[in-house]
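Predicted model and sequence below, questions to follow.
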There are 4 protein chains.
Amino acid sequence: MQLGIIGLGRMGGNIARRLMLDGHQTVVYDRNTDFVTALGKEGAIGVADLPALVASLNKPRAVWVMLPAGAPTEDTITELSGLLEAGDVIIDGGNTFYKDDIRRGQALEQKGIDYIDVGTSGGVWGLERGYCMMIGGAARVVERLDPLFASLAPGIGNIPRTRDRVSADDRAERGYIHAGPPGAGHFVKMIHNGIEYGMMQAFAEGFDILKTKNSPSLPEDQRFDLNLADIAEVWRRGSVVSSWLLDLTADALASDPKLDGYSGAVADSGEGRWTIEAAMEQAVPVPVLSNSLFARFRSRQQSTYGDKLLSAMRFGFGGHVETPKK
Amino acid sequence: MQLGIIGLGRMGGNIARRLMLDGHQTVVYDRNTDFVTALGKEGAIGVADLPALVASLNKPRAVWVMLPAGAPTEDTITELSGLLEAGDVIIDGGNTFYKDDIRRGQALEQKGIDYIDVGTSGGVWGLERGYCMMIGGAARVVERLDPLFASLAPGIGNIPRTRDRVSADDRAERGYIHAGPPGAGHFVKMIHNGIEYGMMQAFAEGFDILKTKNSPSLPEDQRFDLNLADIAEVWRRGSVVSSWLLDLTADALASDPKLDGYSGAVADSGEGRWTIEAAMEQAVPVPVLSNSLFARFRSRQQSTYGDKLLSAMRFGFGGHVETPKK
Amino acid sequence: MQLGIIGLGRMGGNIARRLMLDGHQTVVYDRNTDFVTALGKEGAIGVADLPALVASLNKPRAVWVMLPAGAPTEDTITELSGLLEAGDVIIDGGNTFYKDDIRRGQALEQKGIDYIDVGTSGGVWGLERGYCMMIGGAARVVERLDPLFASLAPGIGNIPRTRDRVSADDRAERGYIHAGPPGAGHFVKMIHNGIEYGMMQAFAEGFDILKTKNSPSLPEDQRFDLNLADIAEVWRRGSVVSSWLLDLTADALASDPKLDGYSGAVADSGEGRWTIEAAMEQAVPVPVLSNSLFARFRSRQQSTYGDKLLSAMRFGFGGHVETPKK
Amino acid sequence: MQLGIIGLGRMGGNIARRLMLDGHQTVVYDRNTDFVTALGKEGAIGVADLPALVASLNKPRAVWVMLPAGAPTEDTITELSGLLEAGDVIIDGGNTFYKDDIRRGQALEQKGIDYIDVGTSGGVWGLERGYCMMIGGAARVVERLDPLFASLAPGIGNIPRTRDRVSADDRAERGYIHAGPPGAGHFVKMIHNGIEYGMMQAFAEGFDILKTKNSPSLPEDQRFDLNLADIAEVWRRGSVVSSWLLDLTADALASDPKLDGYSGAVADSGEGRWTIEAAMEQAVPVPVLSNSLFARFRSRQQSTYGDKLLSAMRFGFGGHVETPKK
């Protein structure tokens, strides 16, 4: 099958590669011409701008936009919608807010252009392992594009089958689902990332306790000098917390057990925040997902104004003077 | 009435003063002889050690221990229990863990010595305003010591009466209660402090949002440069959050609106932690009280090991490199 | 001074009353004609619709809208903006989202109509005690309307002055502030409510621990049968947690110590949720404010789907079968 | 090798079986003689009481206690310590609090009896998959018992090796570690369970949002009717949240997508609570681990007293009357 791809960064470039490895043809564009040239050498048809990309594709065209969410994606889709025609399809594979998908799907429908949103998980490992995809859009379009999704997905692999699973639709087992109408793909991916934050923070807190169990503030007979790399490793085998995040933790601790190479100022992306907004819209209590986000906010600051206000109140009622932080 | 007082720090010294102002006699001891001398000039009988203190008191003796919780209090009570005799009473006015009170009450009962625990709130303001006291111990002893408690308490003052309150016991309205058997006083005081942490953190978080509403990261037409001192002041009049903690906030912001004089490394004492332990023993969900404690733990560190582990995992699955914190 | 008032519910009706008590003239309208008739008997000029209200006011007109946030307020302001003329002012005293204020302020500015947002705290007590007001809008308009705000506010009363406060502007001490441009008033009020949720939850958790300290699951010598009404009462005098919310707690516990009259399904309004959104926009960690909101979400459900999933996972790895809830 | 096993429930019985499958000899005891008889038929030597068990073992003896933590384990170890002699070893494989291990280790050392604590993860799957074990005790004893641990552990299996891992000790890769002195094994297992709670709650909250995305309270064009079983399944392939807990979630949702078979009253065991206590001792902020515990506490109640107090306060300041819960 043929696919136009806009945005050849870490994700977009590897998506093109994985598709070509499975025999698909790609027409690729990026503002950075080096990326276009590089993929051209690997078999892609490189083009210099969006009109050229549209002109190079067979009808009905399919164009995958793999750009940062927000203005870069929005502007590109606006331009594309003026170049494409009825029957073509735009696929947004980035990290778009699902309400933007709903809005875009409705707007493009007026022009007869189909809109597909794909929540894509896989990170730097996707080229090799395949991409886990959550897809929103009209069923007939998702089905037409199936060869692309099937090639990008991890496939059933050697992962044990789920007990009692009975389904006429085996796509989930091969690593992709049609989640619902436009927006549903990114919605499911958004919640995925929210859960990811929570799982990561659970490990972070647990390992923090393990690490500080050697603190001189504890009674001497209750201190343990634990080997965190070994602990992560042993939990990978047969324990309830075994997971890909634990595998990554074991990787990190094997090479840098003190984690001195990391600043600990942890970024967050839109999905974590939107997950909390969705929870509030639906009145779902999410203490773990929200606290995971807040831990990241906090990690990026030396002190909050709120902390200082606590100090000020304590001084006010008790005359307490705080000592500087360690 | 007559009272022996051990420990003449900020709290103990002012307790002696407030009692003397109301005509009571005090026999006072502190390791620091300067404190003893100073109070002696204000009318107290100063003594040089515990045997002298016990010898100076009329039977049945009453001795108020006002020392840091833990070893200082424990050792003093142990020594006292060897000097006192049946019918005497030991009062622990410090911040003792209530289970220690229960244990001590049972041990001293064997010797016929009574034990009273007094959770005392009032901080540096107690001399002037009076002390809010939560008392544990046998009813007959609490009643015998009533003249002392009545003098120390704030009294009914000009605080409006509680609607519908009908009680034969007006002590609560005068600022002290007999909460129950030994330990009950410190238990109630412990929960008081747990609540205090939660209220303080609520203000801290709210003012943090107000403060950062001027951040350059926000769209320009949605930034406000708010006057936090005025906000604290206006809330003192008629708003639902009016409280003593808000008064203290207004004090602090009036003189130092940026709170530059505070490090923001916020200490915590035993009560906050014990409150969470009690909640766990009773299976009570306490997200607010616990998060208030954790915010203090976090405020004292630059980075946690957990934060670094988050960075390491993000690098592992996404190749993300964190920037240093601001 | 003269003021038009639209919406004569609990808040709007009492605002009219408090203004008339201080000599102002009110022109009042409500869909419910009974409310209009009632206020007419108390001295207000009752009108039958918005055109009549506008016609009855002297120029430049001032109209206070006191309706539920969202559609009722929005529709009314839209209609009003077609009836009023340049130099008139619309005041939104409800619980509007501050971004709606910013938008409206900009739209009305095109027509020369001024827009003022007033965050109003005071609840059912406002008529008697006065309303604490946080005001957004242009300074010259806020100043023109000052006689109204001064009458509605609590005034300096017998609340002790804040130490070190030096300000040329004494409005905060009299119970109202000009917080900033349109939206700033509701923004400050929104954070006020966020803090209120946190303080309420702190009390809720603390009293829950006190209540369950009598649980048969505890060792017998560690149970206390505490008098919660007395505890709330005693904390009102000299303790760090003294506050209006504690006064209300004491009221409630005096008449219904077991709180059997309450379902415990706790509602939440927009401000609590918007506070969390604001915190996320500004990357402020707000574990206490958010958990207070989530506790309310949770309080309204018997079981969450999430709880059931926990049960299902526990059954999956450990064969655990959960017992029904008590 | 030879091992005595006390307690033949779900865990103890299968430990005996897995050892026998690998050629070890077991001497088994349980209060329930049916369990003893059953294992006898599978090759174990069944005995009728502890003296018989001790008499049946070769010196130096090794006895594995696999009983509920607390009194059952404590009493059994006390009895055993009177029957065993210097050089023998007691292994506690249950869920004992690590401070009890430290105490017991010190006490048994006086008699020359060795003490080993084994945190054992594996649940109902351990017989087939092997047990992940975290071991505390003296190195020479852990080494002497190595054949038993090696047989019980999962082994390296087909789990990919950790990148950069360089260690002379390959036990972690085979599924067991010597974590440190007595208590270290159960400490590490305790933190494991704390993390498990956090991961479970992250999934619970995320799936709750997915489930309620179909709520009639949402605008119609923003509702999705998501297939949760498919979502769990697709995430198992290539996504960042892939984990054993997700596998179990997929199992549960495949057979009961509405989870109607579960009450949602979620139990908790000691480890979750002790994890929070350890965090407090070490001043580690653990919002996620603690909120996961509190969600379980909350899940077991219809309403909390705290919820009712919130309702009472809202009625007090705003006249709000709560509607009953759904």
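Ah, there it is.

how many other residues sit next to A:I5?
Using other CB atoms under 10 Å in any protein chain shown, A:I5 has 25 neighbouring residues. C-beta: built from backbone N, CA, C; applies to glycine.

which element is it on?
Assigned by DSSP states H and E, A:I5 belongs to strand A:2-6.

next helix or strand past that strand?
Per DSSP H and E, the first helix or strand lying C-terminal to strand A:2-6 is helix A:10-21.

which residues touch that next one?
The contact list for helix A:10-21, computed with CB atoms under 8 Å, 6 or more residues apart in numbering or on different chains, reads A:3, A:5-6, A:8, A:26, A:28, A:30, A:35, A:38-39, A:42-44, A:64, A:66-67, A:93, A:120, A:124, A:126-127, A:130-131, A:148, A:151-152, B:319.

Now it: buried residues?
Residues A:M11, A:G12, A:G13, A:N14, A:I15, A:A16, A:R17, A:R18, A:L19, A:M20 are the ones in helix A:10-21 that count as buried (16 or more other CB atoms under 10 Å in any protein chain shown).

any chance of those residues in CSV, with distance to B:S239 too?
CSV is the format used below for these (distance: CB to CB, whole Å):
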residue, distance to B:S239
A:M11, 50
A:G12, 53
A:G13, 56
A:N14, 56
A:I15, 55
A:A16, 59
A:R17, 61
A:R18, 59
A:L19, 61
A:M20, 65
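
of these, closest to chain C?
For the buried residues of helix A:10-21, the minimum distance to chain C (CB to the nearest CB) is 25.0 Å, reached by A:M11.

Show the pLDDT at the closest one.
As predicted, A:M11 sits at a pLDDT of 93.

State the helix or strand in which whichever residue of the stretch 51-200 of chain A sits closest to chain D lies.
When distances are taken as CB to the nearest CB, the stretch 51-200 of chain A reaches nearest to chain D at A:G198, 2.8 Å away. A:G198 belongs to helix A:184-211 when assigned by DSSP H and E.

touching chain C at all, that helix?
No: Helix A:184-211 does not reach chain C (CB under 8 Å from any CB of the partner chain); its nearest approach is 11.2 Å.

continuing past that helix, what's the next helix or strand?
Next element after helix A:184-211 (DSSP H and E): helix A:228-235.

Isn't the residue of the stretch 51-200 of chain A closest to chain D up against D:E205?
Yes: between A:G198 and D:E205 there is a contact at 6.9 Å, judged by CB atoms under 8 Å.

Now the common contact residues for those two.
Counting by CB under 8 Å, 6+ apart, the shared contacts of A:G198 and D:E205 are A:V288, A:L289.

Just want the most central residue of chain A.
Nearest to the geometric centre of chain A sits A:S121, at 5.1 Å (CA atoms, centre = their mean).

For chain C, what is the nearest residue in the stretch 1-150 of chain A?
As assessed by CB to the nearest CB, chain C sits closest to A:F97 within the stretch 1-150 of chain A, at 13.1 Å.

Check the gap between that residue and chain B for me.
Taking CB to the nearest CB, to the nearest Å as the measure, A:F97 falls 16 Å from chain B.

Model confidence for that residue, exactly?
97.

Quick one: residues contacting it.
For A:F97, the contact set (CB under 8 Å, 6+ apart) comprises A:A69, A:H186, A:M190, A:G270, A:W274.

In this structure the last one contacts A:M190, no?
Yes: here A:W274 reaches A:M190: they are 5.3 Å apart, a contact under CB under 8 Å.
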